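S.K.: Below is the structure, and that's it, no one-letter string:
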C-alpha cells in the first residue's frame with residue numbers, strides 16, 4: 001500500500017476549510033437538524049416554541065444578512081485603515097533610499113488597491129454588472145438548493161460538482177488537468193452508485209405516520225427523479241460558476257472577501273425580505289388539493305387567532321405575521337419573555353456563525369481554489385451525521401430513535417459511505433493522497449517542482465561546463481601565442 005500511494009503535504013490554508021465547516025455546523029445546530037426523523041434533533045435550545053421558530057428559515061436568514069452587512073462593513077473599514085497605516089509607515093521609513101523607494105512604490109500601489117476597489121467596480125460597468133449577477137445567483141441558488149433538499153431527498157448528486165467546477169476552471173483560469181485528477185473524477189462513480197442505491201431503497205420504505213405524514217415526493221411520482229436530477233445539476237452548475245467567478249473577482253479585480261460579503265448581505269436582505277413579504281400574504285395551497293411539492297416546502301401553518309390554535313390544513317412558505325405571533329404560543333396569553341430571550345440569543349449567534357461560515361468559505365476560495373470548497377462538503381456531511389449518531393446515543397442510549405423508518409439505517413450507512421468515498425476522491429484530486437502507480441504521480445506538483453529543479457540544475461551545469469571549456473580554450477590559445485612570440489624572439 002505504501003508503494004501504491006502516499007500522503008502529500010498539507011497546506012497552512014487548510015485551516016480555513018475546517019473553520020468554515022465548524023461555523024456551518026454551529027449555524028445548523030442553532031435551528032436543528034436531523035436525518036429522516038430517525039435521530040434526536042440536534043438543537044441548541046430545544047423547546048416547543050423554538051421548534052416553531054425553527055420553521056422560519058427565511059426570516060432567520062434576513063437577520064443573518066443584515067448582521068453580515070454590519071460586520072462586513074467594519075471588517076472592510078478595518079482593512080482600509082490597516083492599509084493606510086502600512087502606507088504611512090512605508091513613506092516615513094524609506095524616503096532616502098532609492099532602491100527601497102522603488103520597492104515601496106510597488107508596495108504602496110498594492111496597498112492602495114483595497115481603497116480604490118469601489119471606484120474600480122463602479123467605473124468598470126461590465127465588472128459591476130457581472131458582480132451583481134454573481135451575487136444574485138449566489139443568493140437565489142442557495143435558497144433553491146435548500147428548498148430542493150426538503151422536497152427531493154437523495155437526488156442531490158453533489159459529487160458531480162467536482163467535474164463541473166473543473167470545466168469552469170479550465171475555461172476561466174486556463175488550468176491544466178492531469179491524469180491523477182481525471183482518475184479522481186472517475187472515482188466519484190463509487191459514491192454515485194451508493195446514492196442510486198439510497199434512491200432504490202426509498203421505494204421500500206414504510207414511513208412512521210407519527211413522525212411523518214408524507215412519503216418522499218418522487219416515490220408517488222417517478223417522473224420527479226429525472227426532473228429533480230436535472231434541476232439539481234443546473235443548481236450546482238450555477239454554484240460552481242459563482243465560486244469560480246468569486247475567485248476571478250478576488251484574484252484579478254482585488255475585491256476583498258469583506259467587500260463581497262457586504263454586497264452579498266445587502267442583496268440577500270433585499271431579496272429575502274421581498275420574498276418573505278409576498279409569502280406572508282400568499283398561502284401555498286388549499287387543504288383539499290392533492291399532495292404536491294408545496295406540502296414539502298411550506299412548513300408554516302396558518303395561525304387562526306380567533307380560535308387560538310393552528311390550522312395545519314393551510315400552510316405558508318414563511319410569514320412575518322406567524323413569526324411574531326409565535327412569541328405568544330398557542331394560547332395567546334401574551335409574550336413569553338423567556339422565549340423572546342431565547343430567540344434573541346439564537347438570532348445573535350446565528351448572525352455570527354453565518355458570517356464566519358461565509359467569510360472562511362471565501363478565504364478558502366481566495367487562498368486555495370473553489371475545488372477546495374467542494375472538498376469541504378463530504379467532510380461537513382460526514383461530521384454532521386457523526387454528531388447525530390453520538391447525540392442520539394447520549395440521549396436515547398441507542399444510535400437511532402425507537403421505531404425508525406424502515407430501511408433508513410441502510411440508507412444512512414450508504415450515505416455515510418458515499419461521503420467517505422467522495423472525501424477520498426477529493427483527497428486524490430487535491431494531491432493530499434498521492435497515487436504511486438500507472439504514471440498518475442508524474443504531474444503531481446511535487447514531482448513537477450523536482451523536475452524543474454533538476455532541469456534548472458542541468459542547464460546551469462551545462463553553462464558552467466561551456467564556460468570552463470571557453471576558459472580552457474582561451475588559456476590554450478594564450479599559451480600558443482606565447483610560444484609563437486618566444487619563437488619569434490629567438
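M.R.: Looks like it came in fine. Computed from a predicted structure; not experimentally measured. Numbers count the residues shown, from 1 in each chain.
S.K.: Can you pull out the low-pLDDT segments for the stretch 51-200 of the chain?
M.R.: 86-125 (pLDDT under 70).
S.K.: Break down it into its helices, ranges please.
M.R.: Counting by DSSP state H, counting those that start in this stretch, the stretch 51-200 of the chain has these helices, from start to end: 57-93, 98-123, 125-151, 161-173, 179-187, 189-202.
S.K.: Can you list the helices and strands that whichever helix or strand comes after the last one packs against?
M.R.: So that's helix 189-202. Next in sequence after helix 189-202, counting helices and strands by DSSP states H and E, comes helix 217-220. Helices and strands touching helix 217-220, by 3 or more Cβ pairs under 8 Å, 6 or more residues apart in numbering; DSSP states H and E, are helix 189-202, helix 224-252. C-beta here means a position set from N, CA and C on the backbone, and glycine is covered the same way.
S.K.: Name the residues of helix 217-220 that are buried.
M.R.: 217, 218, 219 (16 or more other Cβ atoms under 10 Å).
S.K.: Format the residues you listed as JSON lines; extra columns: pLDDT and distance to residue 443.
M.R.: Shown next, in JSON lines, are those (pLDDT from 0 to 100; distance: Cβ to Cβ, whole Å):
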{"residue": "217", "pLDDT": "77", "distance to residue 443": "44"}
{"residue": "218", "pLDDT": "80", "distance to residue 443": "41"}
{"residue": "219", "pLDDT": "79", "distance to residue 443": "45"}
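S.K.: Put together CSV for the residues you listed, with distance to residue 18 on each row.
M.R.: Below are the buried residues of helix 217-220 laid out as CSV (distance: Cβ to Cβ, whole Å):
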residue, distance to residue 18
217, 34
218, 35
219, 37
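S.K.: with these in mind, which one is nearest to residue 226?
M.R.: residue 218 (9.5 Å; Cβ to Cβ).
S.K.: Run through the residues that contact the closest residue to that closest one other than its chain neighbours.
M.R.: Nearest residue to residue 218 in three dimensions, chain neighbours excluded: residue 224, at 3.9 Å (Cβ to Cβ, 6 or more residues apart in numbering). By Cβ atoms under 8 Å, 6 or more residues apart in numbering, the contact set of residue 224 is 152, 217, 218.
S.K.: Tell me which of the helices of the stretch 51-200 of the chain lies nearest to residue 278.
M.R.: So among the helices of the stretch 51-200 of the chain, helix 57-93 is nearest, using Cβ to Cβ, at 10.7 Å.
S.K.: Check which helices and strands that closest one is in contact with.
M.R.: helix 98-123, helix 125-151, helix 257-281, helix 337-367.
S.K.: CSV please, covering the ones you listed and showing distance to residue 37 and mean neighbour count.
M.R.: CSV is the format used below for the helices and strands packed on helix 57-93 (distance: least, Cβ to Cβ, whole Å; neighbours: other Cβ atoms under 10 Å):
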stretch, distance to residue 37, mean neighbour count
helix 98-123, 46, 13
helix 125-151, 13, 16
helix 257-281, 25, 19
helix 337-367, 22, 19
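S.K.: about what we covered before: turn the helices of the stretch 51-200 of the chain into JSON lines, columns for distance to residue 361.
M.R.: Listed next are these as JSON lines, based on distance: least, Cβ to Cβ, whole Å:
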{"stretch": "helix 57-93", "distance to residue 361": "12"}
{"stretch": "helix 98-123", "distance to residue 361": "20"}
{"stretch": "helix 125-151", "distance to residue 361": "11"}
{"stretch": "helix 161-173", "distance to residue 361": "14"}
{"stretch": "helix 179-187", "distance to residue 361": "22"}
{"stretch": "helix 189-202", "distance to residue 361": "22"}
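S.K.: So for residue 357, which of these sits nearest?
M.R.: Closest among those, using Cβ to Cβ: helix 57-93, at 9.6 Å.
S.K.: tell me the angle of that closest one relative to helix 337-367?
M.R.: 50 degrees (axes from the mean of the first three to the mean of the last three Cα atoms, to 10 degrees).
S.K.: about what we covered before: take the helices and strands packed on helix 57-93 and write them to JSON lines, including distance to residue 10.
M.R.: Output for the helices and strands packed on helix 57-93, formatted as JSON lines (distance: least, Cβ to Cβ, whole Å):
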{"stretch": "helix 98-123", "distance to residue 10": "28"}
{"stretch": "helix 125-151", "distance to residue 10": "29"}
{"stretch": "helix 257-281", "distance to residue 10": "22"}
{"stretch": "helix 337-367", "distance to residue 10": "14"}
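S.K.: So for residue 32, which of these sits nearest?
M.R.: Per Cβ to Cβ, nearest to residue 32 of the helices and strands packed on helix 57-93: helix 337-367, 10.4 Å.
S.K.: for that closest one, packing partners?
M.R.: Helix 337-367 packs on helix 14-31, helix 48-53, helix 57-93, helix 224-252, helix 257-281, helix 370-396, going by 3+ Cβ pairs under 8 Å, 6+ apart.
S.K.: Those: lowest mean pLDDT?
M.R.: Ranked by mean pLDDT, the helices and strands packed on helix 337-367 end with helix 48-53 at the bottom, a mean of 80.
S.K.: Pull out the buried positions in it.
M.R.: For helix 48-53, the neighbour count (16+ other Cβ under 10 Å) marks 49, 50, 52, 53 as buried.
S.K.: can I get those residues in JSON lines with distance to residue 246?
M.R.: As requested, the buried residues of helix 48-53 are exported to JSON lines (distance: Cβ to Cβ, whole Å):
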{"residue": "49", "distance to residue 246": "38"}
{"residue": "50", "distance to residue 246": "34"}
{"residue": "52", "distance to residue 246": "35"}
{"residue": "53", "distance to residue 246": "32"}
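S.K.: Report the contact partners of residue 228.
M.R.: 148, 152, 155, 218.
S.K.: Report the contact partners of the second one.
M.R.: Neighbouring residues of residue 152 by Cβ under 8 Å, 6+ apart: 216, 217, 218, 224, 228, 231, 232.
S.K.: Farthest-apart pair in those, please.
M.R.: Using Cβ to Cβ, the two most remote members of the contacts of residue 152 are 216 and 231, lying 15.6 Å apart.
S.K.: more neighbours, those two?
M.R.: residue 216 (20 against 15; other Cβ atoms under 10 Å).
S.K.: how close does the more buried one get to residue 147?
M.R.: 15 Å (Cβ to Cβ, to the nearest Å).
S.K.: Per the annotation, how does this protein divide into domains?
M.R.: Domains of the chain are assigned by automatic domain parsing as 5-443, 445-490.
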